[in-house]
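**Student:** Fold the following for me, if possible:
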Amino acid sequence: MRILQLIQRQTGTRLQAGRYNRNFTEAEARNGKSCSVREFPMLSAFGVDRNDASGTCGTEGFFKDLPTEARRDFELLATYFECLGSTVLIREEQEPSSILFLLAGEVNISMNSFDGRRLLLGVAGAGDTLGLTSAISGDSSEIRAEAIYPCSLASLRRQDFLEFLLRHPAASQNVARELSRHYTRACERLRILGLTSTAMAKLAYLLLESCRGGERTQRDLKIRCTLTHQEIGECIGASRETVSRTLADFRSHDLVRQRGSTFFVPNRRALAGYAGIDSIPEPPKAAA
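**Tutor:** As a prediction, this is how the structure comes out:
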């Protein structure tokens, strides 16, 4: 199917199918620069929570198990476009005129406090929807979505999307599942921010939570992290200096190892015990 091929293209590849609109993203970027920066993603802040490490997720997210007829209908309705890194795709308090489907690339999802502090909610990856909550409710956006790298996306007008859901019950079921995952992730983030007292415990819990989407090796769990120390701090409400100092402490006690943008956690229980955490999120099962 063409939609599967689109989702599986690498970041920055020009889309040939459907309608293509590059000016859309340029206009969004211009609008985004003049606005202040606040939907909760279903993703971990560390990397993209995917079973398939290749990043090709045509059978995941909104597109999971969609019938052939629904996929063809989607292709007829969608507008396909590309954007550069740092492009603002959704602005806080933006009216939900459309919904975006991320086909390739990664997007930071964040919100701002009233005094201008940023809370990074997570990183959206290929197969995820942007603006889903607003599109369903009709309320203005609570988030800011900004491309980290060049991205390929599909866009549907909100009214077209709602009518699409009425025609295709399987798509409605997928939306209900995604919204449930949004809620679960929101609870997890509240647990980190509201029920964890120290920056050390918050960072450790974020690492342990991310282990569930990590890759198990013979010696440890591997986590891909695309965030800077500043952005990790924005995930847990801490400064960049605190994140750098705490990670150095974890490394010195062999609780975490780091190689470039990849973290390795050799002993989850030791990390949790050192940070004073009682419960540990369950990791993925080892590959057969």
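**Student:** Which element, helix or strand, includes residue 155?
**Tutor:** Using DSSP states H and E, residue 155 sits in strand 151-157.
**Student:** partners of that strand in the sheet?
**Tutor:** Paired neighbours of strand 151-157 in the sheet (DSSP bridges): strand 79-83 (antiparallel), strand 98-104 (antiparallel).
**Student:** Point out the most buried one among those.
**Tutor:** Of all those, strand 98-104 has the most neighbours on average by mean count of other C-beta atoms under 10 Å, namely a mean of 25. (Glycine included, C-beta is placed from N, CA and C.)
**Student:** Mind checking the pLDDT average for it?
**Tutor:** For strand 98-104, mean pLDDT rounds to 95.
**Student:** Name the residues linked to the closest residue in space to residue 215 that isn't next to it in sequence by a beta bridge.
**Tutor:** Spatial nearest neighbour of residue 215, excluding adjacent residues (C-beta to C-beta, 6 or more residues apart in numbering): residue 222 at 4.5 Å. With DSSP bridges as the criterion, residue 222 is bridged to residue 215, residue 264.
**Student:** State whether residue 222 and residue 210 are indeed in contact, as I suppose.
**Tutor:** No. Between residue 222 and residue 210 no contact is recorded; they are 10.4 Å apart, counting by C-beta atoms under 8 Å.
**Student:** which residues does the residue nearest to residue 215 contact?
**Tutor:** With contact taken as C-beta atoms under 8 Å, 6 or more residues apart in numbering, residue 222 is in contact with 214, 215, 216, 262, 263, 264.
**Student:** Kindly recompute the last result at 10 Å.
**Tutor:** Going by C-beta atoms under 10 Å, 6 or more residues apart in numbering, residue 222 touches 47, 53, 211, 214, 215, 216, 257, 259, 262, 263, 264, 265.
**Student:** what do you get for residue 151?
**Tutor:** Taking C-beta under 10 Å, 6+ apart, we find residue 151 in contact with 11-12, 25, 81-85, 87, 89, 100, 102-107, 124-126, 130.
**Student:** change it to 8 Å
**Tutor:** By C-beta under 8 Å, 6+ apart, the neighbours of residue 151 are 11, 82, 83, 87, 89, 102, 103, 104, 105, 106, 107.
**Student:** With distance to residue 176 as extra columns, can I get the strands paired with strand 151-157 in JSON lines?
**Tutor:** Shown next, in JSON lines, are the strands paired with strand 151-157 (distance: least, C-beta to C-beta, whole Å):
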{"stretch": "strand 79-83", "distance to residue 176": "25"}
{"stretch": "strand 98-104", "distance to residue 176": "15"}
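**Student:** Nearest to residue 66, out of the ones you listed?
**Tutor:** Nearest to residue 66 among the strands paired with strand 151-157 is strand 98-104; the distance by C-beta to C-beta comes to 11.7 Å.
**Student:** what are the C-alpha coordinates of that closest one, in PDB please?
**Tutor:** C-alpha atoms of strand 98-104 as PDB (Å, rounded to 0.1, in the frame of the first residue of the first chain):
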ATOM      1  CA  SER A  98      -6.400  20.200  10.800                       C
ATOM      2  CA  ILE A  99      -4.700  17.100  12.200                       C
ATOM      3  CA  LEU A 100      -1.200  16.000  11.300                       C
ATOM      4  CA  PHE A 101       0.200  12.500  10.800                       C
ATOM      5  CA  LEU A 102       4.000  12.200  11.200                       C
ATOM      6  CA  LEU A 103       5.400   9.900   8.500                       C
ATOM      7  CA  ALA A 104       9.100  10.400   9.000                       C
END
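**Student:** what is the orientation angle of whatever helix or strand comes next after that strand with strand 151-157?
**Tutor:** For strand 98-104, the following helix or strand on the C-terminal side (DSSP H and E) is strand 107-112. With axes from the mean of the first three to the mean of the last three C-alpha atoms, to 10 degrees as the basis, strand 107-112 and strand 151-157 are set at 70 degrees to each other.
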